[in-house]
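A.B. asks: what follows is a predicted structure for the sequence shown.
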Amino acid sequence: MDQLLPRPRLAETAPGSFAFAPGAAVSGPADLVDPVRLALAVLDLGRGDASGAVRVTRDPGLGAEAYALAITPDEVRIVAADPAGAFYAGQTLRQLLPVEAFRSVPLPGTEWRVPCGRIEDSPAFSWRGAHLDVSRNFLPKREVLRMIDLLALHKLNRLHLHLVDDQGWRLESRAFPLLHEVGAHRSQTVTSFYGEEPTYDGVPHGGYYTLRDLSEIGAYARARAVTVVPEIDVPGHASAILAAYPSLGATPGEAHRVLDRWGISPAILSPLPATVDFLATVFDEIIDALGTVPYLHIGGDECVLDAWAASAEITAYQAELGLGSPADLHAWFLRRLADLLAERGSRAVVWDEAFVSGMLREDTLVMPWRGAGVGRRAAAAGHEVVATPVFPMYFDYAEAASAEEPLAIGETITVADVAAFEPAPATWDDAERARVAGLQFQLWSERIPDGRTLDYRAWPRGCAAAEIGWTGGPAPSSFPDRLARHLERLDAFGVEYRPLEGPRPWQRGGGARRHRPGAIEIHDVMRHLDELTLTADSTRPSM
């Protein structure tokens, strides 16, 4: 009971244990039984009362995602309000079983026994997420499904999929097929660092998910209590879109290509009605494919508005709308998209630049990536916020300032940094703290080319994020010991995480290139971002 991660609100041990016998079953309402069976798939539990070892009942009074678990020598009893709570009860049982419960099949000789006791549990935050950038470096569908499995294992419940950026469009569009036919691949990828003479690998890169793939991803996630949050980042970061449909750009006749380098591009969509109609159609395709989209992220970050200011047509449209500046037009454009989503039953999510620009719908969620200062301003203005600050929630930064670390965008964010994070700071007032929906760690993929690197970057820092997202954070003193035990589960699951003592021999390499004059340190980045969030012109590039 004292080795669970995340830590439950209440856990008490009682004498004895319960052993799952062959042919054991789960009884109760089908919508609660199926999640338990899925969480304990290695046991191959059946359904029905005849050999029922696990009994599940519903209690709406428990609240969303909450559960109670009672284990006696004779049976296991689960009470939950909804399928998510039942699923999490199953995940807790899985952790109480021998570590072999995290393998794909039952190994001979394993005794499936759990200690007696009771647990009462519910999450502190409703949004406990991970952001996965599949635009900069595409990840095959199998990696997305595997990431969902790992989120579910940790009681994380949001997968934010960054589907488009300057470096690639990653989703089939039947209405606008050039998006995936042209925008989904680039001819090569930059290998040099910022400020160096550009060098490239000469290797084509690309890929996209079909709409049927997206339907599969959404259904797979829902079964595991994970909500997919698709992101179509606009109006900036638009090179891949404009490579396919240049007429949507702010400068008529200007040619574009899918970017083969990192950083910020001046490419920007036009804010005119044709662009809004285009995006409405794309949103409809996504919503139809996923089936249910409670949240859709529309970006709004790092926009260079020079092309809008230079366009006579756009300037005239701005005046027609009664807006005083391109920044006002940027805010209006995002508000228009949020209204479209609201008509379709979805809430808009934006990065924090969109909040500072103004005009957001009150129900728009804000992700303050530039720090707690702008996050507090958004909460004070009445918006729900999801804590996503560069420090300590950007997991594309290295975990140590060491030449042994693989290449990363900068350094250093450690497991301890994440475990000490406070998503709703005690210095905020009660109303502001109440508007913190949760937290989310970001996996920007400039230096994440494949699934093995993804494992290394995400875990075990993601374990710390799961702990504070569930408990409210910061993590208690018991966390390091529980994490050490939990890593045995990840070993059984097959996760190539970063060991706490440092990378394994085959995980090393590349870091020596980063240790040169001008290497990016995380605290320098945060000081720079704090300064930027105090300025009014938030639509300018931030880094």
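C.D. replies: That came in fine, so what should we check first? Everything quoted here is computed from the prediction, not taken from an experiment. Residues are numbered from 1 along each chain as shown.
A.B. asks: for this protein, where's the lowest mean pLDDT among helices and strands?
C.D. replies: Across the helices and strands of the chain, mean pLDDT, DSSP states H and E gives its lowest value to helix 511-514, namely a mean of 63.
A.B. asks: so Thr92 makes contact with Pro6?
C.D. replies: No: here Thr92 does not reach Pro6: they are 9.7 Å apart, not a contact under C-beta atoms under 8 Å. The way it works is simple: take the backbone N, C-alpha and C, and place the C-beta from them, glycine included.
A.B. asks: need the distance between the two termini of stretch 74-82.
C.D. replies: Taking C-alpha to C-alpha, to the nearest Å, the first and last residues of stretch 74-82 lie 25 Å apart.
A.B. asks: return the set of buried residues in that stretch.
C.D. replies: Within stretch 74-82, the residues that qualify as buried are Val76, Arg77, Ile78, Val79, Ala80, Ala81, Asp82, counting by 16 or more other C-beta atoms under 10 Å.
A.B. asks: repeat for stretch 340-357
C.D. replies: When neighbours are counted by 16+ other C-beta under 10 Å, the buried residues of stretch 340-357 are found to be 340-341, 346-357.
A.B. asks: and the gap between the closest residue to Arg489 other than its chain neighbours and His486?
C.D. replies: Leaving aside its chain neighbours, Arg489 sits nearest to Phe102 (4.6 Å; criterion: C-beta to C-beta, 6 or more residues apart in numbering). Here the distance between Phe102 and His486 works out to 10 Å (C-beta to C-beta, to the nearest Å).
A.B. asks: the two: who's more crowded?
C.D. replies: Relative neighbour count places His486 above the other of Phe102 and His486, with 25 against 20, counting by other C-beta atoms under 10 Å.
A.B. asks: picking up where we left off before, between Thr92 and Pro6, who's got more neighbours?
C.D. replies: Pro6 (29 against 22).
A.B. asks: for the more buried one, give its distance to Gly510.
C.D. replies: Pro6 sits 32 Å away from Gly510, taking C-beta to C-beta as the criterion.
A.B. asks: now swap in Ser104 and tell me
C.D. replies: In this structure, Ser104 lies at 31 Å from Gly510, with C-beta to C-beta as the measure.
A.B. asks: between these two, which has more neighbouring residues?
C.D. replies: In this comparison of Ser104 against Gly510, neighbours counted by other C-beta under 10 Å, the higher total goes to Gly510 at 14 against 10.
A.B. asks: does the more buried one touch Ser402 like I think?
C.D. replies: No: distance between Gly510 and Ser402: 11.4 Å, which falls outside the contact criterion (C-beta under 8 Å).
A.B. asks: after the host helix or strand of Met147, which helix or strand is next?
C.D. replies: Mapping Met147 onto the secondary structure by DSSP states H and E places it in helix 141-153. Sequence-wise, the next helix or strand downstream of helix 141-153 (DSSP H and E) is strand 158-162.
A.B. asks: partners of the following helix or strand past that following strand, with directions?
C.D. replies: Following the chain from strand 158-162 toward its C-terminal end, the next helix or strand by DSSP H and E is strand 164-165. According to DSSP bridges, the neighbouring strands of strand 164-165, each with its direction, are strand 168-169 (antiparallel).
A.B. asks: other residues contacting the partner strand?
C.D. replies: Outside strand 168-169, the residues that touch it by C-beta atoms under 8 Å, 6 or more residues apart in numbering are 135-136, 138, 163, 179-180, 183-186, 205-208, 240-241, 244, 258.
A.B. asks: do the same with stretch 98-108
C.D. replies: With C-beta under 8 Å, 6+ apart as the criterion, stretch 98-108 contacts 40, 42-44, 94-95, 110-113, 153, 488-493.
A.B. asks: at 10 Å what do you get?
C.D. replies: 39-44, 93-95, 109-114, 153, 485-486, 488-495 (C-beta atoms under 10 Å, 6 or more residues apart in numbering).
A.B. asks: just the residues you listed: which are in strands?
C.D. replies: Using DSSP state E to define strands, the subset of the contacts of stretch 98-108 located there is Arg113, Val114.
A.B. asks: among the contacts of stretch 98-108, which are located in helices?
C.D. replies: Among the contacts of stretch 98-108, the members found in helices (DSSP state H) are 39, 93-95, 153, 485-486, 488-493.
A.B. asks: relative to Pro474, which of those is nearest.
C.D. replies: Nearest to Pro474 among the ones in helices among the contacts of stretch 98-108 is His486, at 17.4 Å by C-beta to C-beta.
A.B. asks: so the closest one sits against Cys463, correct?
C.D. replies: Yes: with contact defined as C-beta atoms under 10 Å, His486 reaches Cys463; the gap is 6.0 Å.
A.B. asks: between the two, what contacts are shared?
C.D. replies: Between them, His486 and Cys463 share these contacting residues under C-beta under 10 Å, 6+ apart: Leu5, Pro6, Leu153, His154, Phe479.
A.B. asks: now render those residues as CSV, adding distance to Ile448 and pLDDT.
C.D. replies: CSV is the format used below for the shared contacts of His486 and Cys463 (distance: C-beta to C-beta, whole Å; pLDDT from 0 to 100):
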residue, distance to Ile448, pLDDT
Leu5, 24, 98
Pro6, 25, 98
Leu153, 20, 98
His154, 19, 98
Phe479, 25, 98
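A.B. asks: give the buried subset of the residues you listed as a PyMOL selection command.
C.D. replies: Isolation of the buried members of those (16+ other C-beta under 10 Å) is achieved in PyMOL through the command below:
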select buried, resi 5+6+153+154+479
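A.B. asks: would you turn the shared contacts of His486 and Cys463 into a markdown table with distance to Gly236?
C.D. replies: What follows is those, written out as a markdown table (distance: C-beta to C-beta, whole Å):
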| residue | distance to Gly236 |
| --- | --- |
| Leu5 | 38 |
| Pro6 | 36 |
| Leu153 | 35 |
| His154 | 32 |
| Phe479 | 38 |
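A.B. asks: and of the shared contacts of His486 and Cys463, the nearest to His297?
C.D. replies: The shortest distance between His297 and any of the shared contacts of His486 and Cys463, using C-beta to C-beta, involves His154 and amounts to 21.5 Å.
A.B. asks: list residues touching both of Phe102 and His486?
C.D. replies: Gln95, Leu153.
A.B. asks: give me the number of residues near the residue lying closest to Ile448 once chain neighbours are set aside?
C.D. replies: Counting by C-beta to C-beta, 6+ apart, the nearest residue to Ile448 once its immediate chain neighbours are dropped is Leu454, at 5.4 Å. If you count neighbours by other C-beta under 10 Å, Leu454 ends up with 22.
A.B. asks: all set now, cheers.
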